[in-house]
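Visitor: next one to model:
(one chain, ligands or ions: 1)
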Amino acid sequence: MSPAPGPAAPTIAETLADLRARLRDAGIEDPATDARLLLAEALGCDAGGLILRSGNAVEPPALGRLRAMVARRIEGEPVHRIFGRRAFYDHDFALSAETLEPRADTETLVELCRQPIEAVLAARGACLIADVGTGTGAIAVSLLALYAEAEAIAIDLSPGALVTARRNALAAGVAPRFHAVAGDYLSAIGAPVDIVVSNPPYIRSGDIAGLAREVREFDPHLALDGGPDGLDAYRALACQSAERLRRPGHALVEIGQGQASDVCEIFSAAGLVLAASRDDLAGIPRALWFQTGK
Ligand code: GLN
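Guide: Presented below is the predicted three-dimensional model:
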């Protein structure tokens, strides 16, 4: 006789409902989204595919994968850290302990870079970009994929981040034009550059303890901590951009909420002029573009 059948495998719809409730009870901020992402990852499909297949069974191997990931999520680890990758602009980026998770806000900065890069390419037929604090390489890789004539120097203090960034450049097919350099801001760069772009650390040191656990415990503090007033990185970037940019040249930075006027003051004191700013999807000024004189 064959053994008595165990309980039937739950359906996708049932698993999702159960997962949402568990994540909500664990205090996870957006349980519905995280439940969809985690189950889709366990099943190896995309989150949109779950609805189409909601009556299908979730078999034991997928349930096992799901259980392991849910345990990590309940301990505070963000879903994309669990997956080891996150989509940004047109590519998936591998993450590591030394890299910030690229955020949708930063896509605003990539978009703002397009006009100055196109102006430089039209004028010179080439464009050298310095991405300061490259992390996963999200900004530099996205820009190189958009502009086949551009080259980028991707700088980071963390050698571990550069390993991840190089891997991402390779996966996106831009590695020959992606030059990873360990260093502090632009100090390791000899040649003048056309564009300086950075999503620097901009959280006030004193605010880090109050950040969501997902950020505080899983994003590297080196990538978050902007010093006592959150503006240390902008002071260094403004000064060094004024020294290292070719003329005309462009510096573009992501900023935190409420930092626009302070950052404008810092760059204008270094002789750079605000050319444009761009809001993020929440309507908050998120990226600033400064130009050198001619
Ligand atoms: N440039 C990377 C990003 O935008 C990392 C930024 C950082 O570590 N502060 O995701």
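
Visitor: distance of Ala71 from Pro102?
Guide: Look at Ala71 and Pro102: by Cβ to Cβ, to the nearest Å, they are 25 Å apart. Every residue, glycine included, has its C-beta placed from N, CA and C.

Visitor: show me what contacts Arg85?
Guide: Asp92, Phe93, Ala94, Leu95 (Cβ atoms under 8 Å, 6 or more residues apart in numbering).

Visitor: beta partners of it?
Guide: As for beta bridges, Arg85 partners with Ala94 under DSSP bridges.

Visitor: what's the pLDDT at it?
Guide: Arg85 is assigned 97 on the pLDDT scale.

Visitor: the one 3 residues further on too?
Guide: If you check Phe88, the pLDDT there is 98.

Visitor: same check on Pro3?
Guide: pLDDT, read off for Pro3, is 57.

Visitor: and if you look at Ala188?
Guide: According to the model, Ala188 scores 85 on pLDDT.

Visitor: ok, it touching Val181?
Guide: Yes. Ala188 is within contact range of Val181, at 5.1 Å (criterion: Cβ atoms under 8 Å).

Visitor: now list whatever residues contact both of the two.
Guide: Counting by Cβ under 8 Å, 6+ apart, the residues touching both Ala188 and Val181 are Ile155.

Visitor: do you know how far Asp25 is from Pro31?
Guide: Relative to Pro31, and taking Cβ to Cβ, Asp25 is found at 9 Å.

Visitor: please name the residues that touch the residue nearest to the spatial centre of the chain.
Guide: The chain has Pro102 as the residue nearest its centroid, 1.1 Å off, counting by Cα atoms, centre = their mean. Shown in contact with Pro102 (Cβ under 8 Å, 6+ apart): Arg86, Phe88, Phe93, Gly135, Thr136, Ala138.

Visitor: Asp25 and Pro31: which is more packed in?
Guide: Per other Cβ atoms under 10 Å, whichever of Asp25 and Pro31 has more neighbours is Pro31, with 18 against 10.

Visitor: excluding chain neighbours, what is closest to that one?
Guide: Sequence neighbours aside, Leu23 is the residue nearest to Pro31 in space, at 3.7 Å (criterion: Cβ to Cβ, 6 or more residues apart in numbering).

Visitor: repeat for Gly173
Guide: Nearest residue to Gly173, sequence neighbours excluded (Cβ to Cβ, 6+ apart): Ala145, at 7.4 Å.

Visitor: now the one you found, what's its secondary structure?
Guide: Here Ala145 is recorded as helix under DSSP: H, G, I helix; E, B strand; the rest coil.

Visitor: isn't it right up against Phe88?
Guide: No. Applying Cβ under 8 Å as the test, Ala145 and Phe88 come out as separate, 11.1 Å apart.

Visitor: of those two, who's got more company?
Guide: Phe88 (23 against 17).

Visitor: list the buried residues of the host helix or strand of Ala180.
Guide: Per DSSP states H and E, Ala180 falls inside strand 178-182. For strand 178-182, burial by neighbour count (16 or more other Cβ atoms under 10 Å) applies to Phe178, His179, Ala180.

Visitor: in the stretch 151-294 of the chain, what residue lies closest to the ligand?
Guide: Nearest residue of the stretch 151-294 of the chain to the ligand (Cβ to the nearest ligand atom) works out as Ala223 at 3.0 Å.

Visitor: list of residues touching the top strand by length along the chain?
Guide: For the chain, the longest strand by residue count, based on DSSP state E, is strand 245-254. Strand 245-254 is contacted from outside by 105-106, 108-109, 112-113, 116, 120, 128, 192-200, 202, 234, 237-238, 241, 263, 267, 272, 275, 286-294, using Cβ under 8 Å, 6+ apart.

Visitor: only the buried residues of the helix or strand that it is followed by, if you could.
Guide: Next helix or strand after strand 245-254 toward the C-terminus (DSSP H and E): helix 260-269. In terms of neighbour count (16+ other Cβ under 10 Å), helix 260-269 has its buried residues at Ala260, Val263, Cys264, Ile266, Phe267.

Visitor: quick one: stretch 142-154 to chain centroid distance?
Guide: A distance of 17 Å separates the centroid of the chain from that of stretch 142-154, by Cα atoms, centre = their mean, to the nearest Å.

Visitor: repeat that for stretch 216-223.
Guide: Centre-to-centre, stretch 216-223 and its host chain are 13 Å apart (Cα atoms, centre = their mean).
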